[in-house]
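Colleague: Okay, predicted coordinates and the sequence, questions at the end:
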Amino acid sequence: MSPIPLDVAALREEYSKRHLRRADLDPDPIVQFGRWLKEAVDAGIKDANAMSLATVNAAGQPCARIVLLKGVDSGGFLFFTNYGSRKAADLENNPRAGVTFFWAELERQVVIEGITRKASREEAEEYFHSRPEGSQLGAWASKQSQIVPSRDWLEEKFSEVTARYAGQEVPLPDFWGGYWLAPEAIEFWKGGPSRIHDRLRYLREAGMWRIDRLSP
Ligand SMILES: Cc1cc2nc3c(=O)[nH]c(=O)nc-3n(C[C@H](O)[C@H](O)[C@H](O)COP(=O)(O)O)c2cc1C
């Protein structure tokens, strides 16, 4: 018997058949996003909170990579990373970022554009200490995005920090924390037959959300 009290295969089928209509949407895109994320989780999609984060460097070169969504509220979307990483350097120079979720089994995509700001130290503390100890130590061992000599060198760093913090709580590194992405546009995309997909986009205008349907 499945440990999950849901027929996830049937859920997936139901969602993938349904068109996206304006009347189905919550006026608040964050609430709407929360519904879709929950449906993706309930449908058993692995890493449903994984999102592609696009940033742009000082030369105007975009780069996208996957990070995990770790919080959503009226202020936006929260993720955590190393403040010395390439993405952090990009955001320092240009806080504008784009995020995309893709839930293939539901034929759904969400595209978000907005402006990032650093999360508070308290928010980082809370999340950092909720992670497995190995991940906390890994954060100390990694100078994310820097060139390293070898895998052995990295493992040596990991052993060093493991020895350094043996028997004590691993402190939050000062080079590690979160970013909130405050959305200015959020598009909900649903695959449809013959490429007649549904695209409904919320745009922030004078503090209100306006919703338009876009051509696929
Ligand atoms: C499924 C998945 C989840 C990831 N989650 C994170 C994350 O939450 N934070 C993070 O910094 N990197 C995460 N990564 C690694 C990033 O994709 C990336 O390699 C790293 O952050 C360095 O990116 P940068 O050099 O562009 O800054 C994740 C990768 C994958 C595939």
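Modeller: Nice, thanks for sending it over.
Colleague: residues touching the most centrally placed residue in the chain, list them.
Modeller: Closest to where the C-alpha atoms of the chain average out (CA atoms, centre = their mean) is Leu69, at 3.3 Å. Contacts for Leu69 were tallied using CB atoms under 8 Å, 6 or more residues apart in numbering; they are 37, 49-51, 77-79, 101. C-beta coordinates here come from the backbone N, C-alpha and C atoms, glycine included.
Colleague: how about a markdown table for these, with neighbour count, distance to Asp90 and pLDDT added?
Modeller: Conversion of those to a markdown table gives the following (neighbours: other CB atoms under 10 Å; distance: CB to CB, whole Å; pLDDT from 0 to 100):
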| residue | neighbour count | distance to Asp90 | pLDDT |
| --- | --- | --- | --- |
| Leu37 | 18 | 25 | 98 |
| Asn49 | 17 | 22 | 98 |
| Ala50 | 14 | 19 | 98 |
| Met51 | 23 | 16 | 98 |
| Phe77 | 26 | 17 | 98 |
| Leu78 | 18 | 18 | 98 |
| Phe79 | 22 | 14 | 98 |
| Phe101 | 21 | 20 | 98 |
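Colleague: so which of those comes closest to the ligand?
Modeller: Ala50 (4.6 Å; CB to the nearest ligand atom).
Colleague: Can you tell me the closest non-neighbouring residue to the closest one?
Modeller: Ile66 (5.2 Å; CB to CB, 6 or more residues apart in numbering).
Colleague: neighbours around that neighbour, how many?
Modeller: 10 (other CB atoms under 10 Å).
Colleague: Do stretch 54-65 and the ligand come into contact?
Modeller: Yes. Contact of stretch 54-65 with the ligand (CB under 6 Å from any ligand atom) involves 63, 65.
Colleague: Same question for stretch 77-86.
Modeller: Yes. Using CB under 6 Å from any ligand atom, stretch 77-86 comes into contact with the ligand via 79-82, 85-86.
Colleague: Narrow those to those in helices?
Modeller: Secondary structure from DSSP state H places Arg86 of these in helices.
Colleague: can you tell me which two in the residues of stretch 77-86 next to the ligand are farthest apart?
Modeller: Phe80 and Arg86 (15.4 Å; CB to CB).
Colleague: Settle it for me: which of the two has more neighbours?
Modeller: Each of Phe80 and Arg86 has its neighbours counted (other CB under 10 Å); Phe80 has more, 20 against 16.
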